[in-house]
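Asks: any chance you could fold what I've pasted below:
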Amino acid sequence: MTTTKTLAERRCLPCEGGVAALTLDQATALLPKLGSQWTLTADGKQIVGHFEFKNYFRTLSFVNAVAYIAIHEDHHPDITFTYKNCDITFWTHAIDGLSENDFICAAKVDALLL
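Replies: This next block holds a predicted model:
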């Protein structure tokens with residue numbers, strides 16, 4: 001019997017380019033597997049998550065946990081944060097668009113909030 005792993009249970013695969021980015025339709029189909037804080041950019045090349053917290057300590061703790069995920073998966077988002085807010089942008093630089101790695105990492109970020 002084979003089981004299907006959720007996005008959060010999967011690992012990122014190295015991507016050095018040479019493969020096509022996900023199409024807008026493919027990215028749109030994967031988006032509902034993430035939390036509601038994630039949106040797809042209009043060009044379909046990035047996913048952006050917006051997160052709000054009670055205070056700076058919780059925001060910074062979240063940012064550090066996201067950084068740990070990024071290092072562990074070797075897939076690095078852009079992260080910006082203020083006292084109570086954090087924005088995370090994933091895309092695969094080597095293909096100038098989205099790959100499954102972006103959705104895997106975003107799902108792992110979502111798991112931090114459970």
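Asks: contacts and neighbour counts: CA atoms only from here.
Replies: Will do.
Asks: output the below-cut-off pLDDT ranges for the chain.
Replies: 1-3 (pLDDT under 70).
Asks: other SSEs contacting the helix or strand Asn64 falls within?
Replies: Assigned by DSSP states H and E, Asn64 falls within helix 56-73. Helix 56-73 is packed against strand 78-81, strand 85-90, helix 100-112, with contacts defined by 3 or more CA pairs under 8 Å, 6 or more residues apart in numbering; DSSP states H and E.
Asks: if we go to 10 Å?
Replies: Judged by 3 or more CA pairs under 10 Å, 6 or more residues apart in numbering; DSSP states H and E, the packing partners of helix 56-73 are strand 47-52, strand 78-81, strand 85-90, helix 100-112.
Asks: what angle do the first one and helix 100-112 make?
Replies: Same thing as strand 47-52. 10 degrees (axes from the mean of the first three to the mean of the last three CA atoms, to 10 degrees).
Asks: ok now the helix holding Asn64, how far from the chain's centre?
Replies: 12 Å (CA atoms, centre = their mean, to the nearest Å).
Asks: buried residues in that helix?
Replies: By neighbour count on 16 or more other CA atoms under 10 Å, the buried set for helix 56-73 is 59-60, 62-63, 66-67, 69-70, 73.
Asks: circling back to that earlier point, may I see the helices and strands packed on helix 56-73 organised as JSON lines, with mean neighbour count and distance to Ala21 added?
Replies: Shown next, in JSON lines, are the helices and strands packed on helix 56-73 (neighbours: other CA atoms under 10 Å; distance: least, CA to CA, whole Å):
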{"stretch": "strand 47-52", "mean neighbour count": "18", "distance to Ala21": "13"}
{"stretch": "strand 78-81", "mean neighbour count": "14", "distance to Ala21": "18"}
{"stretch": "strand 85-90", "mean neighbour count": "20", "distance to Ala21": "13"}
{"stretch": "helix 100-112", "mean neighbour count": "21", "distance to Ala21": "9"}
